[in-house]
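Novice: Please work out how this folds:
(2 chains)
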Amino acid sequence: MNDENVLEVLNVAKSFGRQTVLRDVTFSMRSREIVGITGENGAGKSTLLKIIVGWLSPDLGQVMKKDAMGYCPQDLCVFETLTVEENFAYFAAAYGLGRKNHSGGWTEREEFLLKRFRFEQYQKKLVSRLSGGTKQKLNFSLAVLHSPSLLVLDEPYSGFDWETYVHFWEYAGELRSQGTGILIVSHFVYDRSNFDVIFELRGGILRCA
Amino acid sequence: MRLRHIQTGWMMTAKELLRSRIAFILFFIIPTLFYAVIFLVTTQSPISFKLGSISEETFLTVRQRSEALIFIGLAAVGILTSFLALNLTQKHAAENRRLVLCGFQTSEILLSKYSVLLSVIVCIGGYVGAMLPLFFAPRRFLLVLFGFMMGGYVYGCYGMLVGAIFKRELEGILFIVLLANFDVGWLQNPIYYAQAQNKAIIRHLPGFFPSQLSMVSAFTDHSVLQPLLGSLAYGTLLLLSAMLIFWWKMRIRK
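Specialist: Numbering: from 1, shown residues only, chains lettered A, B, ... in the order given. I've put the predicted structure just below:
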């Protein structure tokens, strides 16, 4: 894999029974690049994404990616009966980040994300008591807690209000300038200017949009 | 396998369980209700039965209420632990998979859940067993407590297996209620065992060894080695099966 590339998808194909969902999908993305994949419902976007992150195996082809990957699933994937802070602690342990309040710990990063997305007042609250939008902020923050070199986002702004949506793109720009490659899968691509490349998935085939 | 991951997993799982109101309600209501019903419907008249793990010719004669209390205590432990184990295994499947994607190993998640389950088994077995002296004095009380904990171990592992196999809660609950009802809630009562036509079926059910361990300890001075080893082997077999299925479902391509 080229040093600059953070993700390479080569000739990936996937079928479920007789239904072919992906045909010979090939693309790559570099660091400092924001790539969008769009398509209609049932076009195979989520299947492609699950193959990229490793939840599904392709029938054919291969995926090569950087180890430090952050993934934000479309459905909320956070622990509802834990507090926001405890969710950060759980995922920090998963990423192998240092212990809280120790040198190299994750506290600063947590505080930065809480302030950046304006939900620091909910730090000690149970996630089950938060609004859908705040839960989505947490869902996203957990994906970037370890400053990944590849960020894979599935419909990341579906629950965001306008202000958070703007913050999200500001932050995505910052991540890009720091060298992160960002892959966004979404039904809707509102601001094409935010993306470096946009692909459309139709009939299992990926094309430049 | 990293100790910090297991510690964190244990702590978070335990916190979640402690915040579950329904778990606490069940924890207090089920044993109290079961014991109360037995206390109200049984008498102190003597009753004779034989136990599967000691000589087939040996009949024991004890008070009806004492026998029923041991039987129902074990049923309460079995039902509670299997429900909690089901909940621990089934809940947060997607979140646990995300944790695996972020760096946890499946075995670390399983071990943290399993260690929480062990703590729960000790608490439930201890709590339900500790209520017995309110009604009668078992011959070897500590071994009876241990028998209840073994019941919790076998049924906890069964709950984990059911949770690993079934995605939806309804199917899981059905399978737990079905077996617990048949096994610890009915066939393991020594009175049924004594009159049963086909004892081999009863001997192969998961509640057999813990039930024998508790009964033998409560009413005799016989050795409990066989039911103890049987309980450990049965529970461990269920646990290994649960771990294998859980690992298979959680696996990801790195």
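
Novice: Name the nearest residue to the residue in the stretch 101-250 of chain B that chain A sits nearest to, ignoring sequence neighbours.
Specialist: Residue nearest to chain A within the stretch 101-250 of chain B: residue B:102 (3.8 Å; CB to the nearest CB). Heads up, the C-betas are built off the backbone N, CA and C, glycines and all. What sits nearest to residue B:102 in space, not counting adjacent residues and going by CB to CB, 6 or more residues apart in numbering or on different chains, is residue A:94, at 3.8 Å.

Novice: which residues touch the host helix or strand of that neighbour?
Specialist: Residue A:94 belongs to helix A:84-95 when assigned by DSSP states H and E. For helix A:84-95, contacts defined as CB atoms under 8 Å, 6 or more residues apart in numbering or on different chains pick out A:78-79, A:82, A:100, A:105-106, A:110, A:114, A:119, A:122-125, A:127, A:130, A:138, A:141-142, A:145-146, B:4-5, B:8-9, B:12, B:15, B:99, B:102-104.

Novice: is it true that residue B:70 touches residue B:218?
Specialist: Yes. Using CB atoms under 8 Å, residue B:70 is in contact with residue B:218, at 5.0 Å.

Novice: shared neighbours, the two?
Specialist: With CB under 8 Å, 6+ apart as the test, residue B:70 and residue B:218 both reach B:138, B:144.

Novice: just how off-centre is stretch A:76-94 within its chain?
Specialist: 17 Å (CA atoms, centre = their mean, to the nearest Å).

Novice: Could you tell me the end-to-end distance of it?
Specialist: 18 Å (CA to CA, to the nearest Å).

Novice: I'd like the average pLDDT over it.
Specialist: Averaged over stretch A:76-94, pLDDT sits at 96.

Novice: Kindly report the same for stretch A:116-123.
Specialist: 95.

Novice: ok, and for it, which residues are buried?
Specialist: A:116, A:117, A:119, A:122 (16 or more other CB atoms under 10 Å in any protein chain shown).

Novice: Which of the residues you listed fall within strands?
Specialist: Under the assignment DSSP state E, those contribute nothing to strands.

Novice: Can you tell me which of the residues you listed is nearest residue A:154?
Specialist: residue A:117 (17.9 Å; CB to CB).

Novice: contacting residues for the closest one?
Specialist: Residue A:117 neighbours (CB under 8 Å, 6+ apart): A:137, A:140, A:141, A:164, A:167, A:171.

Novice: Would you mind measuring from it to residue A:145?
Specialist: Applying CB to CB, to the nearest Å, the value for residue A:117 to residue A:145 is 12 Å.

Novice: For residue B:60, grab phi and psi.
Specialist: phi -100, psi 140 (degrees, to the nearest 10).

Novice: Bridged to it, which residues?
Specialist: residue B:49 (DSSP bridges).

Novice: from memory it sits against residue B:222, does it?
Specialist: No. Using CB under 8 Å as the test, residue B:60 is too far from residue B:222 to be in contact (10.0 Å).

Novice: Can you tell me the element residue B:148 falls in?
Specialist: Counting by DSSP H and E, residue B:148 is part of helix B:141-165.

Novice: buried stuff in that helix?
Specialist: B:143-165.

Novice: same deal with stretch B:176-192?
Specialist: B:176, B:179, B:180, B:183, B:184, B:185, B:187, B:188, B:189, B:190.

Novice: For the third one, report the pLDDT, please.
Specialist: Predicted confidence (pLDDT) for residue B:180: 92.

Novice: and for the helix or strand in which it is found, what are the contacting residues?
Specialist: Using DSSP H and E, the element containing residue B:180 is helix B:169-182. With contacts defined as CB under 8 Å, 6+ apart, helix B:169-182 is touched by B:75, B:78-79, B:82-83, B:86, B:90, B:155, B:158-159, B:162-163, B:166, B:205-206.

Novice: Toward the C-terminus from that helix, list the very next helix or strand.
Specialist: That would be, after helix B:169-182 and using DSSP H and E, helix B:190-195.

Novice: Show me what from chain B comes close to chain A.
Specialist: Counting by CB under 8 Å from any CB of the partner chain, the positions of chain B adjacent to chain A are B:4-5, B:8-9, B:12, B:15-16, B:19-20, B:92, B:94-95, B:97-99, B:101-104, B:252-254.

Novice: Return the subset of these lying in strands.
Specialist: Using DSSP E, no member of the residues of chain B next to chain A falls in strands.

Novice: Can you tell me which of the residues you listed are buried?
Specialist: Buried among these by 16+ other CB under 10 Å: B:5, B:8-9, B:12, B:16, B:92, B:95, B:97-99, B:101-104.

Novice: center of chain A - which residue?
Specialist: The centroid of chain A falls nearest to residue A:153 when counting by CA atoms, centre = their mean (2.4 Å).

Novice: That one is in what secondary structure piece?
Specialist: strand A:150-154.

Novice: Identify the residues contacting that strand?
Specialist: A:6-7, A:29, A:45-46, A:49, A:52-53, A:65-66, A:68-74, A:140, A:143-144, A:175, A:180-185.

Novice: helices or strands up against the helix or strand that it is followed by?
Specialist: Downstream of strand A:150-154, the first helix or strand assigned by DSSP H and E is helix A:162-177. Applying 3 or more CB pairs under 8 Å, 6 or more residues apart in numbering or on different chains; DSSP states H and E, we find helix A:162-177 packed against helix A:132-144, strand A:181-186.
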